[in-house]
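A.B. asks: Quick one: sequence and predicted model below, then my questions.
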Amino acid sequence: MAPAAPAAAAPNGVPFAERRPPILPVHASMNRLFDITVCLRPFRAQGPRLDTEQVGDTLVVHNYGHGGSGWSLSWGSGTVAVRKAMANSPKEIAVVGCGAIGLSSAILALEAGAKVTIYAKDLLPDARSARATGSWTPDSRIALTDKAGPQFPVLWEEMARTSFKRFRRYLGLADSPVEWTDRYYCSDPGTSFIEPGPRGGLDFASYGERIRDLTGHAEPVPPGATPFPTARVLRASSMQFNVADYGHTLMADFLAMGGRLERREFHALGDLAGLKEKVVINCPGYGARALCRDESITPVRGQIAWLIPQPEVNYGVIYKSVSMLSRRDGIVVQALWGGDMFGYGDDHEVIDRAEAEKAVATLAELYGRMKG
Ligand SMILES: Cc1cc2nc3c(=O)[nH]c(=O)nc-3n(C[C@H](O)[C@H](O)[C@H](O)COP(=O)(O)OP(=O)(O)OC[C@H]3O[C@@H](n4cnc5c(N)ncnc54)[C@H](O)[C@@H]3O)c2cc1C
């Protein structure tokens with residue numbers, strides 16, 4: 001048999017198999033900044049609340065406290081909640097909340113055969129979920145390692161796998177509500193792409209190894225294979241949620257399946273017993289702190305600087321603790337100074353323009369070093 005031909009290489013020596021579509025620059029300048037948004041991650045050290053509670057004659061199934069993982073875990077967490085809600089086959093179910101968690105729970109409850117009404121103060125475009133990055137990050141600030149309890153990693157894995165499989169349905173649709181893209185992790189010698197903060201920090205749970213078969217590792221990119229100027233470049237492929245379109249798709253699906261929406265604000269958990277539905281899935285996100293008087297919820301503030309969309313840019317970058325993700329609805333630029341501790345305990349939903357400018361300037365510095 002003839003020996004295999006050596007892999008063809010491009011003029012710069014990059015093996016053919018490593019070549020990718022061109023990496024085009026993000027125009028990281030302040031005059032392309034068209035919005036700044038702020039959101040609070042509903043973090044619970046013990047992981048999301050998924051227990052049930054009897055409030056008067058109403059069964060309340062809690063489904064809140066998903067930290068930085070709400071979009072990613074939504075279908076898995078909703079599946080757990082709907083299983084509990086449907087235990088006695090109710091004909092009608094109420095869902096409190098119209099964010100990532102409420103909408104997915106409501107769609108799953110419809111699929112399980114119930115008539116479903118969502119009651120919420122804000123519908124998705126205005127709910128906090130709309131101000132998330134939109135990455136597959138199922139264990140981002142989801143719990144603390146020593147507080148989550150021995151059963152939680154198993155439950156987490158079940159939720160992550162269920163969600164992952166469900167997202168398969170939203171791939172390949174016309175406006176790409178969900179798609180796979182590459183992330184580049186860039187660092188210079190003696191630095192890390194996310195620098196740990198000076199405060200030391202908490203031991204946030206990390207369960208990625210449990211689902212490594214789903215997403216794979218970030219791997220070093222051969223020198224010259226990308227225009228990134230740093231000595232070290234890692235690449236991983238990951239799912240992203242184009243939140244404007246994905247959220248719109250979820251709302252449309254819910255309504256098309258016969259779901260009802262009603263704007264309503266509740267002031268105490270006891271108010272839920274006044275609903276005509278006697279089974280309620282409670283998905284108020286950070287709102288649970290006030291609604292359920294649940295102080296186990298800690299706010300973790302996160303801000304996004306939005307640059308004008310560039311459809312030709314189809315990747316994300318993390319460099320000097322700044323994350324960039326190119327979405328169809330905007331280029332999401334976010335500071336992560338100090339890693340997971342950044343914003344921890346901070347409930348100020350006020351725009352910090354200096355933070356946005358510094359994050360954009362960091363990106364501008366990266367692209368300024370690139371030769372193309
Ligand atoms: C900056 C940032 C980036 C993030 N990036 C990602 C990411 O890339 N991937 C990921 O998976 N997750 C990410 N997250 C986390 C994710 O956004 C949250 O976990 C998720 O949005 C929580 O969704 P939710 O539906 O529980 O809450 P919310 O979106 O806050 O929805 C709560 C709903 O309940 C309603 N509600 C609340 N209180 C009441 C009340 N008293 N009466 C009536 N209605 C009420 C609200 O109006 C709303 O409709 C990010 C978070 C932030 C802040």
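C.D. replies: That came in fine, so what should we check first?

A.B. asks: near the ligand, which residues of the stretch 51-200 of the chain show up?
C.D. replies: Neighbours of the ligand within the stretch 51-200 of the chain, by CB under 6 Å from any ligand atom: 64, 66-72, 96-102, 120-122, 127-129, 132-135, 137. Placement of C-beta: from N, CA and C, glycine included.

A.B. asks: Keep only those of those that are in strands.
C.D. replies: Taking DSSP state E, the ones among those that sit in strands are Val96, Ala120.

A.B. asks: Quick one, which of the residues of the stretch 51-200 of the chain next to the ligand are buried?
C.D. replies: 64, 66-72, 96-102, 120-122, 127-129, 132-135, 137 (16 or more other CB atoms under 10 Å).

A.B. asks: what's around Lys371, how many residues?
C.D. replies: 5 (other CB atoms under 10 Å).

A.B. asks: Could you measure from it over to the ligand?
C.D. replies: Look at Lys371 and the ligand: by CB to the nearest ligand atom, to the nearest Å, they are 31 Å apart.

A.B. asks: That residue contacts Pro227, correct?
C.D. replies: Yes. Counting by CB atoms under 8 Å, Lys371 does reach Pro227; the two are 6.4 Å apart.

A.B. asks: Arg235 reaches Ala218, doesn't it?
C.D. replies: Yes. Taking CB under 8 Å as the definition, Arg235 is a contact partner of Ala218 at 6.5 Å.

A.B. asks: Need the overlap of contacts for those two.
C.D. replies: Here Arg235 and Ala218 have Arg183, Tyr185 as joint contacts, going by CB atoms under 8 Å, 6 or more residues apart in numbering.

A.B. asks: for the stretch 151-300 of the chain, which spans come out with low pLDDT?
C.D. replies: Applying pLDDT under 70 to the stretch 151-300 of the chain flags the ranges 197-200.

A.B. asks: Show me where it has its helices.
C.D. replies: With DSSP state H, counting those that start in this stretch as the criterion, the stretch 151-300 of the chain has helices at 152-167, 212-215, 243-256, 288-291.

A.B. asks: Export those to JSON lines and append columns for distance to Ala231 and mean neighbour count.
C.D. replies: Below are those laid out as JSON lines (distance: least, CB to CB, whole Å; neighbours: other CB atoms under 10 Å):
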{"stretch": "helix 152-167", "distance to Ala231": "33", "mean neighbour count": "19"}
{"stretch": "helix 212-215", "distance to Ala231": "25", "mean neighbour count": "12"}
{"stretch": "helix 243-256", "distance to Ala231": "34", "mean neighbour count": "18"}
{"stretch": "helix 288-291", "distance to Ala231": "44", "mean neighbour count": "20"}
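
A.B. asks: want to try CSV for those helices, with distance to Val26 as columns?
C.D. replies: Formatted as CSV, these follow (distance: least, CB to CB, whole Å):
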stretch, distance to Val26
helix 152-167, 25
helix 212-215, 24
helix 243-256, 18
helix 288-291, 36
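
A.B. asks: and Ala354, which of these is closest to it?
C.D. replies: helix 243-256 (25.2 Å; CB to CB).

A.B. asks: residues in contact with Gly258?
C.D. replies: Neighbours of Gly258 in contact, by CB under 8 Å, 6+ apart: Leu110, Lys115.

A.B. asks: That one and Trp75, how far apart?
C.D. replies: Computed as CB to CB, to the nearest Å, the Gly258 to Trp75 distance reads 20 Å.

A.B. asks: can you check Leu59 too?
C.D. replies: Leu59 is 22 Å from Trp75, by CB to CB.

A.B. asks: of these two, who's got more company?
C.D. replies: Per other CB under 10 Å, whichever of Leu59 and Trp75 has more neighbours is Trp75, with 24 against 20.

A.B. asks: pretty sure the more buried one is in contact with Phe167, am I right?
C.D. replies: Yes. Contact criterion CB under 8 Å: Trp75 and Phe167 qualify, at 7.3 Å.

A.B. asks: Could you report the neighbour count for the residue lying closest to Glu18 once chain neighbours are set aside?
C.D. replies: Nearest residue to Glu18 in three dimensions, chain neighbours excluded: Ala225, at 5.1 Å (CB to CB, 6 or more residues apart in numbering). Ala225 is flanked by 19 other residues according to other CB under 10 Å.

A.B. asks: wait, what's in contact with Ala225?
C.D. replies: Val14, Glu18, Arg19, Arg20, Val233.

A.B. asks: Narrow those to those in strands?
C.D. replies: Val233.

A.B. asks: Going through the contacts of Ala225, which ones are buried?
C.D. replies: For these, buried by 16+ other CB under 10 Å: Val14, Val233.

A.B. asks: Tell me which two of the contacts of Ala225 sit farthest apart.
C.D. replies: So, the contacts of Ala225 by CB to CB: farthest apart are Arg19 and Val233, at 14.7 Å.

A.B. asks: Enumerate the beta-bridge partners assigned to Arg41.
C.D. replies: With DSSP bridges as the criterion, Arg41 is bridged to Val300.

A.B. asks: which non-adjacent residue is nearest Gly345?
C.D. replies: Here the residue nearest Gly345, using CB to CB, 6+ apart, is Thr298, at 6.0 Å.

A.B. asks: and what of Glu53?
C.D. replies: In space, Glu53 is closest to Val60, 4.8 Å off (CB to CB, 6+ apart).
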